[in-house]
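Asker: curious how this folds, go ahead:
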Amino acid sequence: MSQRQIVLDTETTGLDPAQGHRVIEIGCVELRNRRPTDQRFHTYLQPDRAIDAEAVKVHGITNEFLANQPRFADVADEFLNFIRDAELIIHNAAFDLGFLNHELRRCGRGHLVLEQICTVQDTLLLARQRYPGQRNSLDALCKRYNIDNAQRTLHGALLDAEILADVYLAMTRQQSSIFVQEAADATAARHHEVRRSPPSNRPPLPIIRADAGECAEHACYLEMLDKSSGGACVWRRLEAV
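Answerer: Residues are numbered from 1 along each chain as shown. From the prediction side, this is the model:
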């Protein structure tokens, strides 16, 4: 069964849905088995309120532009069907999920939150774990991973989702490549040891097996690697072999 991930971003009228701010753009990009597809979900939304001047400076979207756009309630079913049962990849997920769940409540779907129909991977938290004390904005990550974001003169939900997809794949691919190299080095070392003839008078080495506690810690560590790499980590494949 293929793994389906949706890289998601939003633009809003302001910073806090509790103050009546609304979603005005949703952009989603699909990944299947860590490969981008041509499936997209993108819409602008009529917020029925003024956009904060500071927000316009960030994304450039105006009320005049949104005057004839659909409202969230008009696209809610299409949006939910697109993301349902996928893993959502979001940078600063609490912000986007807070706004989208607020929109669901406003249109009479308060019984539903996105975390109930999707799993969530927050790339901001992942970046902070990997680069503590450093800048981990989307622009900073693009620079760190040498990803072209020259078109990002203003924020835009679909553009940012496309850029975040590249960042996410680069972040998780790097970890996989490190473990692949470590596994290759370890395999080469084992082969080298096999080719050497041990002294005939050398006693056999004792075999010390992991106890239950160590096995449980190992399982927890592999689960953490699975989550951060977006799939089964290299050690799972080695275990299978």
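Asker: helix, strand, or coil at the residue nearest the centre of the chain?
Answerer: Centre of the chain computed as the mean C-alpha position; nearest residue by C-alpha atoms, centre = their mean is Ile89, 2.9 Å away. Assigned with DSSP: H, G, I helix; E, B strand; the rest coil, Ile89 falls in the strand class.
Asker: list the contacts of it.
Answerer: Listed by C-beta atoms under 8 Å, 6 or more residues apart in numbering, the contact set of Ile89 reads 5-8, 31, 121, 123, 164-165, 168. Bear in mind the C-beta positions are built from the backbone N, C-alpha and C, glycine included.
Asker: do Gly27 as well
Answerer: 8-10, 40-42, 156-162.
Asker: for PyMOL, write a command that selects the buried ones of those residues.
Answerer: Applying 16 or more other C-beta atoms under 10 Å to the contacts of Gly27, the buried members can be selected in PyMOL as follows:
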select buried, resi 8+9+10+41+156+157+158+159+160+161+162
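Asker: Gln134: which of the contacts of Gly27 is nearest?
Answerer: Gln134 lies nearest to Asp160 out of those, by C-beta to C-beta, at 20.0 Å.
Asker: from Glu54, how far out is that closest one?
Answerer: Using C-beta to C-beta, to the nearest Å, one gets 18 Å for the distance from Asp160 to Glu54.
Asker: what's the answer for Thr43, then?
Answerer: 23 Å.
Asker: part of a helix, is Gln121?
Answerer: No. Gln121 sits outside any helix when classified using three-state DSSP, being strand.
Asker: quick check, it in contact with Glu87.
Answerer: Yes. Assessed by C-beta atoms under 8 Å, Gln121 is found in contact with Glu87 at 5.9 Å.
Asker: looking at these two, which is more packed in?
Answerer: Here Gln121 and Glu87 are compared on neighbour count by other C-beta atoms under 10 Å; more neighbours surround Gln121, at 20 against 17.
Asker: and that one, what are its bridge partners?
Answerer: Under DSSP bridges, the beta-bridge partners of Gln121 are Ile89.
Asker: that older thread, out of the contacts of Ile89, which comes closest to Leu138?
Answerer: For those, the nearest to Leu138 is Leu164 (6.3 Å; C-beta to C-beta).
Asker: need phi/psi at that closest one.
Answerer: Dihedral pair for Leu164: phi -60, psi -30, per degrees, to the nearest 10.
Asker: count residues in the vicinity of it, would you?
Answerer: Neighbour count of Leu164, defined by other C-beta under 10 Å: 24.
Asker: likewise Leu100?
Answerer: Using other C-beta under 10 Å, Leu100 is surrounded by 24 other residues.
Asker: which of the contacts of Ile89 lies closest to Ala73?
Answerer: Nearest to Ala73 among the contacts of Ile89: Leu8, at 18.9 Å, using C-beta to C-beta.
Asker: where does that closest one sit: helix, strand or coil?
Answerer: strand.
Asker: wait, isn't it in contact with Glu87?
Answerer: No. If you go by C-beta under 8 Å, Leu8 and Glu87 don't touch, sitting 10.4 Å apart.
Asker: now the spatially closest residue to Ala157 that is not a sequence neighbour: phi and psi?
Answerer: Spatial nearest neighbour of Ala157, excluding adjacent residues (C-beta to C-beta, 6 or more residues apart in numbering): Gly27 at 3.3 Å. Dihedral pair for Gly27: phi -130, psi 130, per degrees, to the nearest 10.
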